[in-house]
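> Here is a sequence with its predicted model. Questions after.
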Amino acid sequence: MTNDALVTFEGVVKRFGSFVAVQRMDFEIAKGEFLAIMGSSGCGKTTTLRMLAGLEAPSEGVIRLAGKPINDLPTWSRDTPMVWQSLALFPFLNVIENVEFALKMRGVGKAERRRRAEQWLERMQITEFAGRNISQLSGGQRQRVALARSLVVEPEILLLDEPLSALDAALKVRMQSVLKNLQRETGITFVYVTHSQSEAFSMADRVVIMSRGKIEQIGTPQEIYRTPRTRFVADFLGSSNIFTGKVAAAEGGIVTLNTPAGALSLASPDPSAHAVVGQTASLTVLDTKTNLALRSPSGRDLNAIPVRMIGEEFIGATATVYLETRDGQEIRIQKSHEELANLPLQIGQEFEAYWSYDDGHLVMEH
Ligand SMILES: Nc1ncnc2c1ncn2[C@@H]1O[C@H](COP(=O)(O)OP(=O)(O)OP(=O)(O)O)[C@@H](O)[C@H]1O
């Protein structure tokens, strides 16, 4: 365990009967870190959080909090305070009483409770609603009351399970910055389960990507986005074009794959890259790094493949152009409107899609 680890999962497995919901997890959460856990439905995110909260006991392995095993310790009897944010607000208490509630349960005196609750209402900019009933609040206001109620006890860890899922898009974005600032200011460790890539990637210091009870990758948003470790991660993020084939050559820092779209190469920055000739691998290239031209571009160290346009989509300042390779694979490019201004974007138009060897990333099949 490293010195700044607040939580460690050591060989943690969770079974429900014969079903394995979480397979051997080994990872650490640093003190003060904002960690997001993502993955498709049913991959074990909530189960992982519930084990951390003490709501489920691991079937195998050890979970440590500040060095001490907590496998069988209920949440309330731990030295390190941890709160579960998704508990519903009490409808029979008003806003400030909801926020005071946890302090009351901890035996904090009336005047002190009120003072601390008021501070948190102010911090969350909900002072004006102090006397209102919960039913008289909007979704975003309720969410802020719930956060104030969780944070007023100054926990060391806050566990959040899809806290923004019920909010509309604009409010979600606002709440993301509220949450991120709050986490930064308080230094409280946040463990945040979400389906939303934009939430995870905009707020978290590190992201865990899970699939079928297993950690596929854990890293900073940048690392995961640029260098997905597995094909699953690249597919799941949906921001790369992926070409799968067999390794045809791997020398001089260049790896070449034979794919149905043609021979494609990439510069492998890691000299010990584990590319083995004959093995199945994928080349991933971000859709923002894939370019489009009418004619095959000249230049060294470029991959170019013939494609035909099959659709386009405009969202805000960027456009996504959908294309099909000669072997029928769909790929995508994402660019600003200016970057595409000189191209005849019409369904059926033939183009060359191209990108630099340096923008390719190798994913070996495991
Ligand atoms: N108490 C339980 N008994 C049996 N199976 C369970 C139990 N709790 C969870 N599971 C199963 O374990 C798997 C992981 O569930 P979990 O709730 O952790 O997934 P999740 O990643 O949070 O999914 P979602 O994103 O849909 O909330 C699922 O297949 C689920 O059906």
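Arrived safely.

> Spatially central, which residue of the protein would that be?
Centroid-nearest residue in the chain, with CA atoms, centre = their mean: Ala200, separated by 3.6 Å.

> That one: what secondary structure?
helix (DSSP: H, G, I helix; E, B strand; the rest coil).

> next one: Ala263
strand.

> Relative to the ligand, how far out is the residue lying closest to Ala204 once chain neighbours are set aside?
The shortest distance from Ala204 to any non-neighbouring residue, by CB to CB, 6 or more residues apart in numbering, is to Ala36 (3.7 Å). Placement of C-beta: from N, CA and C, glycine included. According to CB to the nearest ligand atom, to the nearest Å, Ala36 stands 13 Å off from the ligand.

> ok, now Pro163?
13 Å.

> what about that residue, neighbour count?
Pro163 has 23 neighbouring residues, counting by other CB atoms under 10 Å.

> Look up the pLDDT of it for me, please.
At Pro163, the model reports a pLDDT of 84.

> surely it meets Gly140?
No. Between Pro163 and Gly140 there is no contact under CB atoms under 8 Å: 11.1 Å.

> what is in contact with those two at once?
Common neighbours of Pro163 and Gly140 (criterion: CB atoms under 8 Å, 6 or more residues apart in numbering): Met175.

> If you drop the residues flanking it in sequence, what lies closest to the residue nearest to the centre of the chain?
Ala36 (3.7 Å).

> Ramachandran coordinates for Arg149?
phi -60, psi -40 (degrees, to the nearest 10).

> quick one on the thing from earlier: what about the residue nearest to Ala200, how many residues nearby?
Ala36: 25 neighbours (other CB under 10 Å).

> Report the strands that pair with the host helix or strand of it, each with its relative direction.
Element membership for Ala36, per DSSP states H and E: strand 34-39. Strand 34-39 has these partner strands in its sheet, going by DSSP bridges: strand 189-193 (parallel), strand 206-211 (parallel).

> between those strands, which gets nearest to Gln136?
With CB to CB, the closest approach to Gln136 among the strands paired with strand 34-39 belongs to strand 189-193: 27.9 Å.

> Other residues contacting that closest one?
In contact with strand 189-193 (CB under 8 Å, 6+ apart) are residues 6-7, 29-38, 45-46, 48-49, 52, 156-163, 179, 183, 199-200, 203-204.
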